[in-house]
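Q: Sequence plus predicted model, see below.
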Number of protein chains: 2
Amino acid sequence: MTGRDGGADLAPIGNAPVVVLVRPQLADNIGACARAMANGGLFHLRLVAPRDGWPQEKAWRTASGADRILEAVTLHATVAEAVGDLHHVFATCPRPRHIVKPVLTARGAAAELREICGRGLRAGLLFGPERAGLDNDDMAQADALVRYPLNPAFMSLNLAQAVMVLAYEWWTAADDTPPRSLMTNETKVATKAELENLLSHLTAELDACGFLRNLPKRPGMVRNIRHLFERGEVTEQELRTLHGVVTELSHGRGTAGRGGRGEQ
Amino acid sequence: MTGRDGGADLAPIGNAPVVVLVRPQLADNIGACARAMANGGLFHLRLVAPRDGWPQEKAWRTASGADRILEAVTLHATVAEAVGDLHHVFATCPRPRHIVKPVLTARGAAAELREICGRGLRAGLLFGPERAGLDNDDMAQADALVRYPLNPAFMSLNLAQAVMVLAYEWWTAADDTPPRSLMTNETKVATKAELENLLSHLTAELDACGFLRNLPKRPGMVRNIRHLFERGEVTEQELRTLHGVVTELSHGRGTAGRGGRGEQ
C-alpha cells in the first residue's frame, strides 16, 4: 500500500487546519506525522517545545518525502503562542475526565473543520505528547475535544496514526468518490444485448453437446446460468474472452484449432 | 493521544475480517499493524512469506501491547493458501491499472465487510509489501480493490497507517457516537430557568453599577449578553462559578469580602 511520490508537489491545499504537536518526544513520530498530513492534504505543522529540539534529521527519514511540510514547520514555546492566530482549536483526547467541553468524533470534527475553514477562519488541531497526551491546561485552550471511536479495550494510539485518522477524515469530508464502482480501465461494461449474445452462444453449444438434453429442466438450467452472468457487470473484453472459451471448449479436448468436437 | 492499555483483554470481537499482510518486509511494521488492528477491533493476522521470517522480536516492540494478536499470527506460503477458507477478499491498492474490478473506498469496504461478516461469512483484507504493494496476481485473488480517498499528490501510505485507516473504518461502521455532544462529567447542563437566574443576577448588578444606564440602548445590550450565554450549553457548575464571579466583581476592587461596592 505504498507509492513513490517524491513529495515535490506538496503545497498547502486551500484553507486547511494547522496541526500542532504539543511537546512531541520522538523525532521519528514528527516525521511520520508529516507524512500522514501529506496523505490527507494538510500542510502547516507547528511544534510546541519538542523534547529533543528541532530540526532533527530522523524526522526527515520517517517523513518519506513529505520534506516540504518539515521545512515549513514553526517552533513555539507554549500552546497559547502556537494557537494565538487561530479562530478555532480542537484537541485530540482519548479519555477526557473532569472537563466540561463539547466532544466530537473524528468525522464530526472533520465536518466542522470543513465548515469553519470554508468560512475563511483559521483552525488548528492539537495532539499531545506520545506518553501522556494533552494535559488539562492544553485542553482548556480548545473549543472542543476530539475522541475517535475506537476499541475501548485498546485505545493506545500511535501519534502519527492519530494524525493519520484526522487527516484522512479531513480529506474524506470533501471527497465524493462513490463507495463502490467498477474500474474497467481500457474496456467498457457490456450492454445487455452483448451479454445476451454470449448466453445464446453458450446455450447453443450446451444444446449441441447434450448438457441441456433434459428438456423439462432446461429452462431452469439456462436461467441459473443467466443469473450468474447478470450478477456482476461483465465487460466487453471479458465477453470476448468468454466467447473464445465457449468456442474452444465446444471443439473438444485434444483437437485444438480443428473446429469440430473431439473424440474423447 | 496515547493510553496505557496492557492489551491483556485483547480478544476477537465477533466475526471480523482477517488481515493478510502479503510479503511484509519490516517486522516493525508487522507490530505496528497489530497495534492498529487492536485499535480498530480486528484480531486475526495472517502473514504471507514475510521477508525476514517469523517471529521477529521487533514486532513485539512496535505492537505496544497488542501481543495477543502477534501470538495468534499464522504463517502462509502463498496468498491462495492464506485466503483459502475465506468467502470474500478485498485487496488494498492505491493505483490499480489494467484491471477490471470493483473499487471500494475504505468506508465503502467497511460497510460491505460489516454486511458480509454479519451474514456469518468469513472475509479478509490483503495489504501488499511496503515498497511495491500487491502485484497483479495478488489482486486477481480479490473480489474487490480498496482505494482510500487521499491526496493524489502524496499517496505514499505507511503500511501500518493503511491498516489503521481500514481498522478505524471497520470500527466506525458499527459505532453510533453522535458527531458532537457535550461532555459534562460530574455536572449537568443547566436549565433555561437556571440560566435566567444568572442573567437576572448579572443584569441587576449591571444596573446597580451603572453599566446599563443608557436606557434606550439597555434592551439591546441585555439581549446581546443573553445571546452569548444561550449560544453554548452552560452547566450548573459553570453557573455557580459565574454567580460567584458576578457577586465578587460587583463588590468592587480591593474590598474583597466586604459586601458593598468599592470606592474606586
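A: That came through fine.
Q: Stretch A:119-128 and chain B, are they touching?
A: Yes. Stretch A:119-128 is in contact with chain B by C-beta under 8 Å from any C-beta of the partner chain, via A:127, A:128. The way it works is simple: take the backbone N, C-alpha and C, and place the C-beta from them, glycine included.
Q: element containing the most centrally placed residue in chain A?
A: Closest to where the C-alpha atoms of chain A average out (C-alpha atoms, centre = their mean) is residue A:168, at 7.0 Å. In this structure, residue A:168 sits in helix A:159-172 according to DSSP states H and E.
Q: Contact partners for the residue nearest to the centre of chain A?
A: Residues near residue A:168 by C-beta atoms under 8 Å, 6 or more residues apart in numbering or on different chains: A:39, A:40, B:106, B:148, B:150, B:165, B:168.
Q: Now do the helix holding residue A:168, average pLDDT.
A: The pLDDT scores in helix A:159-172 average 98.
Q: Now do it against helix B:159-172, angle only.
A: Comparing the axes of helix A:159-172 and helix B:159-172 via axes from the mean of the first three to the mean of the last three C-alpha atoms, to 10 degrees yields an angle of 60 degrees.
Q: show me where chain A has helices.
A: In chain A, the segments counted as helices under DSSP state H are A:27-39, A:57-63, A:67-71, A:79-83, A:106-118, A:136-140, A:159-172, A:192-209, A:218-231, A:236-250.
Q: Nearest to residue B:118, out of those?
A: helix A:218-231 (20.1 Å; C-beta to C-beta).
Q: count of residues packed around the residue nearest to residue A:30 when sequence neighbours are not counted?
A: Distances taken as C-beta to C-beta, 6 or more residues apart in numbering or on different chains put residue A:59 closest to residue A:30, at 4.5 Å, once the chain neighbours are dropped. By the criterion of other C-beta atoms under 10 Å in any protein chain shown, residue A:59 has 28 neighbours.
Q: ok, residue A:59 - contacts?
A: Shown in contact with residue A:59 (C-beta under 8 Å, 6+ apart): A:27, A:28, A:30, A:31, A:34, A:70.
Q: Would you point out the most distant pair within the residues you listed?
A: A:28 and A:70 (12.3 Å).
Q: Looking at those two, which one has more neighbours?
A: Neighbours per residue (other C-beta under 10 Å) separate residue A:28 from residue A:70, with residue A:70 holding more: 22 against 17.
Q: need the contact list for the more buried one.
A: So residue A:70 contacts A:30, A:31, A:34, A:45, A:55, A:59, A:60, A:63 (C-beta under 8 Å, 6+ apart).
Q: so the last one touches residue A:69, yeah?
A: Yes. At 7.0 Å, residue A:63 counts as touching residue A:69 under the criterion of C-beta atoms under 8 Å.
Q: Identify the contacts common to the two.
A: Shared contacts of residue A:63 and residue A:69, defined by C-beta under 8 Å, 6+ apart, comprise A:34, A:38.
Q: filter the contacts of residue A:70 to the buried ones?
A: A:30, A:31, A:34, A:45, A:59, A:60, A:63 (16 or more other C-beta atoms under 10 Å in any protein chain shown).
Q: could you redo the residues you listed as JSON lines and give each row pLDDT?
A: What follows is these, written out as JSON lines (pLDDT from 0 to 100):
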{"residue": "A:30", "pLDDT": "98"}
{"residue": "A:31", "pLDDT": "98"}
{"residue": "A:34", "pLDDT": "98"}
{"residue": "A:45", "pLDDT": "98"}
{"residue": "A:59", "pLDDT": "97"}
{"residue": "A:60", "pLDDT": "97"}
{"residue": "A:63", "pLDDT": "96"}
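Q: Tell me how far residue A:180 lies from residue A:44.
A: 34 Å (C-beta to C-beta, to the nearest Å).
Q: So the closest residue to residue A:209 other than its chain neighbours versus chain B, what's the distance?
A: Closest residue to residue A:209 apart from its sequence neighbours, by C-beta to C-beta, 6+ apart: residue A:250 at 6.5 Å. Residue A:250 sits 25 Å away from chain B, going by C-beta to the nearest C-beta, to the nearest Å.
Q: didn't residue A:250 look like it was pressed against residue A:207?
A: No. Residue A:250 is beyond contact range of residue A:207, at 10.6 Å (criterion: C-beta under 8 Å).
Q: So for these two, which residue has more residues nearby?
A: Ranked by neighbour count (other C-beta under 10 Å), residue A:250 and residue A:207 place residue A:250 first, with 18 against 13.
Q: can you pull the pLDDT of the more buried one?
A: 88.
Q: repeat for residue A:156
A: Residue A:156 is given a pLDDT of 86.
Q: what's the answer for residue A:4, then?
A: Model confidence at residue A:4 (pLDDT) stands at 45.
Q: And residue A:98, by the same measure?
A: 77.
Q: What sits closest to it if chain neighbours are left out?
A: Residue A:98 sits nearest to residue B:185 (C-beta to C-beta, 6+ apart), 5.7 Å away.
Q: and the one you found, what are its phi and psi?
A: Backbone torsions of residue B:185, given as degrees, to the nearest 10, read phi 50, psi -120.
Q: okay, now it: neighbour count?
A: Residue B:185: 13 neighbours (other C-beta under 10 Å).
Q: so it touches residue A:95, yeah?
A: No. Assessed by C-beta under 8 Å, residue B:185 is found out of contact with residue A:95, at 11.6 Å.
Q: give the contact list for the nearest residue to residue A:29 once chain neighbours are set aside.
A: Excluding the flanking residues, the one nearest residue A:29 by C-beta to C-beta, 6+ apart is residue A:159, at 4.6 Å. Counting by C-beta under 8 Å, 6+ apart, residue A:159 makes contact with A:21, A:24, A:26, A:29, A:32, A:33, A:127, A:130, B:1, B:2.
Q: so can I have JSON lines of those residues showing neighbour count and distance to residue B:88?
A: Shown next, in JSON lines, are the contacts of residue A:159 (neighbours: other C-beta atoms under 10 Å in any protein chain shown; distance: C-beta to C-beta, whole Å):
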{"residue": "A:21", "neighbour count": "26", "distance to residue B:88": "39"}
{"residue": "A:24", "neighbour count": "25", "distance to residue B:88": "40"}
{"residue": "A:26", "neighbour count": "20", "distance to residue B:88": "38"}
{"residue": "A:29", "neighbour count": "24", "distance to residue B:88": "35"}
{"residue": "A:32", "neighbour count": "27", "distance to residue B:88": "31"}
{"residue": "A:33", "neighbour count": "31", "distance to residue B:88": "34"}
{"residue": "A:127", "neighbour count": "26", "distance to residue B:88": "35"}
{"residue": "A:130", "neighbour count": "21", "distance to residue B:88": "37"}
{"residue": "B:1", "neighbour count": "27", "distance to residue B:88": "32"}
{"residue": "B:2", "neighbour count": "18", "distance to residue B:88": "34"}
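Q: In strands, which of those appear?
A: Among these, the ones falling in strands (DSSP state E) are A:21, A:127.
Q: Out of the contacts of residue A:159, flag the one nearest to residue A:197.
A: Once C-beta to C-beta is applied, the member of the contacts of residue A:159 that ends up nearest residue A:197 is residue A:32, at 53.6 Å.
Q: what's next to stretch A:201-208, contact-wise?
A: A:212, A:222, A:225, A:242, A:243, A:246, A:247, A:249, A:250, A:261.
Q: just for the stretch 151-264 of chain A, where's the confidence low?
A: Flagging of the stretch 151-264 of chain A using pLDDT under 70 yields the residue ranges A:253-264.
Q: Not counting sequence-adjacent ones, nearest residue to the residue in the stretch 151-264 of chain A positioned nearest to chain B?
A: At 2.7 Å from chain B, residue A:179 is the closest residue in the stretch 151-264 of chain A, using C-beta to the nearest C-beta. Nearest non-adjacent residue to residue A:179, counting by C-beta to C-beta, 6+ apart: residue B:108, 2.7 Å away.
Q: The one you found reaches residue A:172, doesn't it?
A: No. Using C-beta under 8 Å, residue B:108 is not in contact with residue A:172, being 11.2 Å away.
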